[in-house]
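**Student:** model the following, please.
(one chain, ligands or ions: 2)
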Amino acid sequence: MILDITRGIQNKGIEVHLCLEEKWEKDQWRGDTLTYISPVAFEGSYLITEDTVVVRGRAKVSIEASCARCLESARLDVAADIEEAYIRDRNGELNQQRSDDEQYTYSGHCIDLTDAVRSALLLELPSRILCKEDCRGLCPVCGVNLNTTTCSCQKDPARRNPFSALAELLNEDEEV
Ligand SMILES: [Zn+2]
Ligand SMILES: [Zn+2]
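**Tutor:** Ligands and ions are numbered 1, 2, ... in the order given. I've put the predicted structure just below:
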């Protein structure tokens, strides 16, 4: 996602509106593959002062991934606020000097916003992506999808497993 800052260079110190859209394909996240099913939209502004460009705005995208419980496809809309400073790299020196920290740099009249937008969006994802909040998941015994099918495995888990029945009894004792 490339931002052309030509207008900003001609208008230093003045906030310039920006509105970008780009189609991304797939991504890796916590060992899972997710698909960007809408273009990534980023709207905001940028401001150039001296050798620094401050970019602010809000990014939005819809993604698809497998549900952490039932493995069916799950869709969600993600939005993230972004505020990032990019420092002008005059002749490739900054990259070497600053390789330790995560300062973004730019040169010429283009800034690549991809890293900042992508990290901000991924940070907004929930720790577990679910197809719906009350997804019932897969039966741990026979593996059917409990959202769409019923099975007899778990009708009476206490009877099936004497230890869980015992645990329930112990809990009841504690409450008394
Ligand atoms: Zn699910
Ligand atoms: Zn089952």
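**Student:** all strands in the chain, in order from the N-terminus.
**Tutor:** 2-4, 16-22, 26-29, 32-36, 40-49, 52-66, 73-88, 104-106, 110-112 (DSSP state E).
**Student:** not counting the second one itself, show me its contacts.
**Tutor:** Spelled out, it's strand 16-22. With contacts defined as C-beta atoms under 8 Å, 6 or more residues apart in numbering, strand 16-22 is touched by 1, 3, 5, 7-8, 39-47, 55, 57, 113. Quick note: C-beta positions are derived from backbone N, CA and C, even for glycine.
**Student:** got a list of what the closest residue in space to residue 130 that isn't next to it in sequence touches?
**Tutor:** Leaving aside its sequence neighbours, residue 130 sits nearest to residue 67 (C-beta to C-beta, 6 or more residues apart in numbering; 5.3 Å). By C-beta under 8 Å, 6+ apart, residue 67 lies in contact with 73-74, 129-131, 135.
**Student:** want to throw these into TSV with distance to residue 19, pLDDT and neighbour count?
**Tutor:** Formatted as TSV, the contacts of residue 67 follow (distance: C-beta to C-beta, whole Å; pLDDT from 0 to 100; neighbours: other C-beta atoms under 10 Å):
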residue	distance to residue 19	pLDDT	neighbour count
73	30	95	13
74	29	96	20
129	28	94	21
130	32	95	17
131	32	95	21
135	36	97	18
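**Student:** contacts with ligand 1 among the residues you listed, please.
**Tutor:** 131, 135 (C-beta under 5 Å from the ion).
**Student:** which one of the contacts of residue 67 is nearest to residue 28?
**Tutor:** residue 129 (13.4 Å; C-beta to C-beta).
**Student:** which of the contacts of strand 16-22 are buried?
**Tutor:** For the contacts of strand 16-22, a neighbour count by 16 or more other C-beta atoms under 10 Å gives the buried set as 1, 3, 5, 8, 40-42, 44, 46-47, 55, 57, 113.
**Student:** what does the chain put close to ligand 1?
**Tutor:** So the chain meets ligand 1 at 67, 69-70, 131, 135 (C-beta under 5 Å from the ion).
**Student:** among these, which ones are in helices?
**Tutor:** With DSSP state H as the criterion, helices contain none of the residues of the chain next to ligand 1.
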